[in-house]
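**Q** I need the structure of the sequence given here:
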Amino acid sequence: MKIGFLKSQDPNEQRVPFFPTQGADLIKKGAHILIEAGMGEPFYQNQAYEAAGYKVCERAEVLACDLVIQISKPNIDEIRQLSANSMHFSFLDPFQDPDRIQAFIDAKVTGISVEMIPRSTRAQKMDVLSSQASLAGYAAVILAAQHSDKAFPMMMTPAGTIRPVRVLVIGAGVAGLQAIATAKRLGARIEAYDTRVTVEEQVQSLGAKFLKINLGETEETKDGYAKALSDEQLAQQQAQMTDFCAQADIIITTAQVFGRPAPRIMTREMVSKMKEGSIIVDLAVESGGNVEGAVPGQITNIEGVSVIGQINMPGQVAYHASQMYSANMGAFLEEFWDEEAAQFQLNLEDEILQSCVLTHQGKIIHPTVKEKIAKGGR
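**A** Just a heads-up that it's a prediction; the model follows:
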C-alpha cells in the first residue's frame, strides 16, 4: 500500500505533515511511503526522508497514492486529482465548507477529517485538534506579549514596583488552559472564564482565578466541548463580563462551539471600555471570531485596543506543531495498520473511524455532517 504526504499549497502554512523519523515502524511493516519533493522544508531536506526509507517524488505521483495525507485543507482541484477509492486525511472543516465534501463525493474518495477524531482515551494519541490547540494557546500569549508595551511579571526596581499585567482568558478548553499556564510562567496575574463550571478546578490548579457568571443551566457535549448559549444567556454573559474585560491588559479568547460558528463574546462596546494600549488575541477568528471587529490575518485597532486576528496560530511554532501532527498521524496509521495485509484497514465499525470518516464510496456516511449539509451546510 502506498501512503503519500503532500506539501501544502497554502502560503500561510508553515507546518509539515510528517517527519522522517515517524514512519520507520510502518516501513518495516510493509508500507511504501512517498513524499512530495520539498514537503519537509524548512525542517528536513529530501535527503533525510530518503535516508529513512521514503521515496521522494513529484506531486502527481503522491496524489495517485492509495492514502494521501496533508495538513492544510485540500482545494477542490486537488481532490479531483486523487484516485477513485483512495483515502485522504487532513483538516476538512466539514461544517463550514460543504463544497469540499461534495468534491470528495464526486471523486469517490474516502475523506477523513482529522479534527473529527474523538476525544476518547483510546484516541488520545491521535487527537490532532488538542495537540494543535495546546500550541495555539501558548503562541497566543507569546504573541500578545510581543505586542504589549508592558512587562508581564511584577518587578521590584529602583524606581518602584511594576505591577504584573492582568490577563483574562476566555474559554478554558485545551487552548485556554495552555494560555493560562504560559501567562503564569511569564508572571502575569490571570483570571479565566468558561461557561462550564466543571473546569474551575483545572483553572485554579494552574494559578488562575476562575470568574463566575450565573447563566443558569449550561451544557457540554459528550466529548467535553461547550455547547452554544441561548441568545438570552449570551447577552447576560456579555453584560457581566464588561467589567472583567475593562480591567484586563491582555485578553485571550478561545471559545468555540463544535460544528458551529464561534460565539460572539465581546462586542465593540466592550472592547471600547478597555484601557488604551490593551491587547486582545482572538483564537476563534477563523471560525467567525469571539470579538466583534476581529479580522482574520489582521491587527485591528478599536479605540486604542489592538485586536489580533492571527490565522493558523499553531503555525507560529511550526516545528513543534509539525512534530505533534506527525506523531498524531503516525499513531493513527499504526492503530489501523494490518501488518499481515500490509495496508491500512478502513474498519467502519470502529468507533474512532465512525467519528472521523466523512465520505466513502461516493456518499456522505457521517450522520452529523450529512444532517448539517442537508440543512444548508453553513
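**Q** quick one: the helices in the stretch 251-378 of the chain?
**A** 268-272, 318-335, 351-356, 367-374 (DSSP state H, counting those that start in this stretch).
**Q** Nearest to F18, out of those helices?
**A** Among those, helix 318-335 comes nearest to F18, with 4.9 Å by Cβ to Cβ. All C-beta atoms are positioned from the backbone trio N, CA, C, and that covers glycine.
**Q** Which positions in that closest one come out as buried?
**A** For helix 318-335, the neighbour count (16 or more other Cβ atoms under 10 Å) marks 318, 321-335 as buried.
**Q** So which of these is the closest to V169?
**A** Distances from V169 to the buried residues of helix 318-335, taken by Cβ to Cβ, are shortest for A321, at 20.2 Å.
**Q** hang on, that closest one packs against P314?
**A** Yes. A321 lies in contact with P314 (Cβ atoms under 8 Å); the separation is 4.0 Å.
**Q** intersection of neighbour lists for these two?
**A** Common contact partners of A321 and P314 (Cβ atoms under 8 Å, 6 or more residues apart in numbering): R15, Q132, L135.
**Q** Redo the residues you listed as TSV? Include neighbour count and secondary structure.
**A** Putting the shared contacts of A321 and P314 into TSV (neighbours: other Cβ atoms under 10 Å; DSSP: H, G, I helix; E, B strand; the rest coil) gives the following:
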residue	neighbour count	secondary structure
R15	24	coil
Q132	25	helix
L135	24	helix
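**Q** For the stretch 101-250 of the chain, just list every one of the strands.
**A** Assigned by DSSP state E, counting those that start in this stretch, the stretch 101-250 of the chain shows strands spanning 110-113, 155-157, 160-162, 166-170, 189-193, 209-210, 250-253.
**Q** Tell me which of the ones you listed is the most buried.
**A** With neighbours taken as mean count of other Cβ atoms under 10 Å, these reach their highest mean count in strand 250-253, at a mean of 30.
**Q** helices or strands up against that one?
**A** Here strand 250-253 touches helix 128-147, strand 166-170, helix 174-185, strand 279-282, going by 3 or more Cβ pairs under 8 Å, 6 or more residues apart in numbering; DSSP states H and E.
**Q** Identify the residues contacting A188.
**A** F152, P153, P164, V165, R166, V167, I250.
**Q** Skipping adjacent residues, who's closest to the first one in space?
**A** In space, F152 comes closest to L186 once its chain neighbours are excluded; the distance is 3.9 Å by Cβ to Cβ, 6 or more residues apart in numbering.
**Q** how close does the one you found sit to I373?
**A** To I373, L186 is 43 Å away according to Cβ to Cβ, to the nearest Å.
**Q** Looking at those two, which has the bigger crowd around it?
**A** I373 (20 against 17; other Cβ atoms under 10 Å).
**Q** what sits against the more buried one?
**A** P94, P98, I101, I364.
**Q** what about the first one, which SS state?
**A** Secondary structure state of P94, per DSSP: H, G, I helix; E, B strand; the rest coil, is coil.
**Q** I'd guessed it sits against S113; true?
**A** Yes. With contact defined as Cβ under 8 Å, P94 and S113 form a contacting pair (5.7 Å).
**Q** And the pLDDT at the closest residue in space to D25 that isn't next to it in sequence?
**A** Nearest residue to D25, sequence neighbours excluded (Cβ to Cβ, 6+ apart): E334, at 6.7 Å. Predicted confidence (pLDDT) for E334: 96.
**Q** Pass me the low-pLDDT residue ranges in this protein, would you?
**A** Scanning the chain with the threshold set as pLDDT under 70 gives 215-229, 375-378.
**Q** Could you export the shared contacts of A321 and P314 as a markdown table, including distance to E191?
**A** Converted to a markdown table, those look like this (distance: Cβ to Cβ, whole Å):
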| residue | distance to E191 |
| --- | --- |
| R15 | 31 |
| Q132 | 25 |
| L135 | 23 |
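**Q** What number of residues are in the vicinity of the nearest residue in space to V114 that is not next to it in sequence?
**A** Spatially, and ignoring its direct neighbours in sequence, V114 is nearest to V128 (4.4 Å; Cβ to Cβ, 6+ apart). By other Cβ under 10 Å, 24 other residues sit near V128.
**Q** correct me, but V128 touches S326?
**A** No. Using Cβ under 8 Å, V128 is not in contact with S326; the gap is 10.4 Å.
**Q** Now the residue lying farthest from the centre of the chain. Its backbone dihedrals?
**A** The outermost residue of the chain relative to its centre, with distances by Cα atoms, centre = their mean, is P158 at 43.8 Å. Main-chain torsions, P158, degrees, to the nearest 10: phi -60, psi -20.
**Q** Then P11?
**A** In terms of degrees, to the nearest 10, the main-chain angles of P11 are phi -60, psi -20.
**Q** E36 too?
**A** Per degrees, to the nearest 10, the backbone of E36 is at phi -70, psi 140.
**Q** residues contacting it?
**A** Contacts for E36 were tallied using Cβ under 8 Å, 6+ apart; they are G4, F5, L6, K7, V56, C57, E58, R59, V62.
**Q** The fifth one: neighbour count?
**A** The tally of other residues near V56 (other Cβ under 10 Å) stands at 19.
**Q** next helix or strand past the helix or strand harbouring it?
**A** Under the criterion of DSSP states H and E, V56 resides in strand 55-57. As assigned by DSSP H and E, the chain's next helix or strand after strand 55-57 is helix 59-63.
**Q** Show me what that following helix is packed against.
**A** When contacts are defined as 3+ Cβ pairs under 8 Å, 6+ apart, helix 59-63 sits against strand 2-5, strand 32-36, helix 76-81.
**Q** in that helix, what counts as buried?
**A** In helix 59-63, counting by 16+ other Cβ under 10 Å, buried: R59, V62, L63.
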